[in-house]
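Enquirer: The sequence isn't on hand, but the structure is:
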DNA sequence: AACTTCAGTGTACACTTGTTCGCTATTTTA
DNA sequence: TAAAATAGCGAACAAGTGTACACTGAAGTT
């Protein structure tokens, strides 16, 4: 039942996905991707594409899913490092920056499609980011004695700042990247400290 | 010397710009804009476009400039309101949200091209956002006794959070928009409070 | 062994894209 | 008033797009 046929199909499906990811770059976003070009790089005739995806749209959503998966791997890796001790914020940011460096195109995809022209894509990306935020929220709630809402707002703000730093890091060289990292760590500390002191003098 | 000819040329140039802005939407970004379509909406033959812009690229950069201009108007408006008294953060966020509602397409342009496929566009958008941040930084520095770096990091973080909220608001209805506004105000307060307390216990 | 399923192929079609090239009509300049 | 400059036009072109269709050969089924 393994099916030599199903096996082969899965394989070329991956080839399509990989070809697409490979053609994403700083200069080329998903919307500029051409079915023909992707098929060609996957070693397929253009028309064979349809045996695997109904649509470029469908491929795109698959890519977003892949990206979300990679994002969750990132979180796991960060958690492992954190357990070994050290500044949580620092470790998290550094891990994230490593992710950007290794998976630039994947991150670019998320970043772009979050504000892209397809409502479906936007929703898909936001879903992935929400997962990311929720996990962080849970962590914050277990590590502090703040209420849920405060933790969520905090987690949300932290994620936004880190993603934005990641976006900037995409265009940066090694030295600039280190500056961004240092800057971001400080900014995250603002948020963490601010969330702790939130009960004092509410009228700013 | 006024030149009936130069006058007319300026007029149709504006028509092109307006047509382009008008064709931007949630579903259509600048990169999907077609020279022919823009020219048609401006009431021109496709080829006449070249009398005003060398390129779609050139038009795009002009649009980004326009957007930056609108952004600066927004700041002025917010400052005026703040002078009349009230919570600075609250007024700023509300003003920004009104801007989003009135200039959705302009904001979308900035948002998208910030992570778009053209390095030139990305740079142009980041320049506009940097202006925005610097102005806020100056304000913070004059209104507090924090050092320059802290003020800049704070301003930068505030802008990122507000822009991100704006992005979310683009897809939201009235009720959701109010929730986003309330949430954002709280998050900005985290940052402001955190920047004030930054000297205490640096190892988080 | 005969029959069915289906991943992959190549051709073809209808469209849209940006851009070039002469041309006209009108304003500007000399 | 004659000459030069130029905004706008329509036709045409080459290139690229997604997709429909009929076909082939190998894998799966009975």
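Expert: Yep, it's here. Every value quoted in this text rests on a predicted model; they were computed, and no experiment measured them.

Enquirer: Tell me how far the one residue in chain A that gets nearest to DNA strand D lies from residue A:40.
Expert: Residue of chain A nearest DNA strand D, by Cβ to the nearest atom of the strand: residue A:34 (2.9 Å). No exception for glycine: its C-beta is placed from N, CA and C like everyone else's. As for residue A:34, its distance to residue A:40 is 9 Å (criterion: Cβ to Cβ, to the nearest Å).

Enquirer: just to revisit the earlier point, what's near enough to touch the residue of chain A closest to DNA strand D?
Expert: Listed by Cβ atoms under 8 Å, 6 or more residues apart in numbering or on different chains, residue A:34 has no contact partners.

Enquirer: Provide a list of residues in contact with residue A:181.
Expert: Neighbours of residue A:181 in contact, by Cβ under 8 Å, 6+ apart: A:93, A:94, A:97, A:165, A:169.

Enquirer: Let's see that with 7 Å instead.
Expert: Taking Cβ atoms under 7 Å, 6 or more residues apart in numbering or on different chains, we find residue A:181 in contact with A:93, A:94, A:97.

Enquirer: Mind checking which of these are in strands?
Expert: If you go by DSSP state E, the contacts of residue A:181 have nothing in strands.

Enquirer: could those be laid out in JSON lines, adding distance to residue B:51, pLDDT and neighbour count?
Expert: Output for those, formatted as JSON lines (distance: Cβ to Cβ, whole Å; pLDDT from 0 to 100; neighbours: other Cβ atoms under 10 Å in any protein chain shown):
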{"residue": "A:93", "distance to residue B:51": "50", "pLDDT": "97", "neighbour count": "25"}
{"residue": "A:94", "distance to residue B:51": "53", "pLDDT": "97", "neighbour count": "18"}
{"residue": "A:97", "distance to residue B:51": "47", "pLDDT": "97", "neighbour count": "20"}
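
Enquirer: Using a markdown table, lay out those together with distance to DNA strand D.
Expert: As requested, the contacts of residue A:181 are exported to a markdown table (distance: Cβ to the nearest atom of the strand, whole Å):
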| residue | distance to DNA strand D |
| --- | --- |
| A:93 | 38 |
| A:94 | 38 |
| A:97 | 33 |
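
Enquirer: Looking at those residues, which is nearest residue B:80?
Expert: The closest of those to residue B:80 turns out to be residue A:93 (Cβ to Cβ; 37.8 Å).

Enquirer: doesn't residue A:187 make contact with the closest one?
Expert: No - contact criterion Cβ atoms under 7 Å: residue A:93 and residue A:187 do not qualify, at 9.7 Å.

Enquirer: Show me where chain A dips below the pLDDT cut-off.
Expert: A:1-2, A:198-204 (pLDDT under 70).

Enquirer: tell me which residues of stretch A:132-151 are tucked away?
Expert: Neighbour-count burial for stretch A:132-151 flags A:132, A:133, A:135, A:136, A:137, A:139, A:140, A:141, A:146, A:150, A:151 (criterion: 16 or more other Cβ atoms under 10 Å in any protein chain shown).
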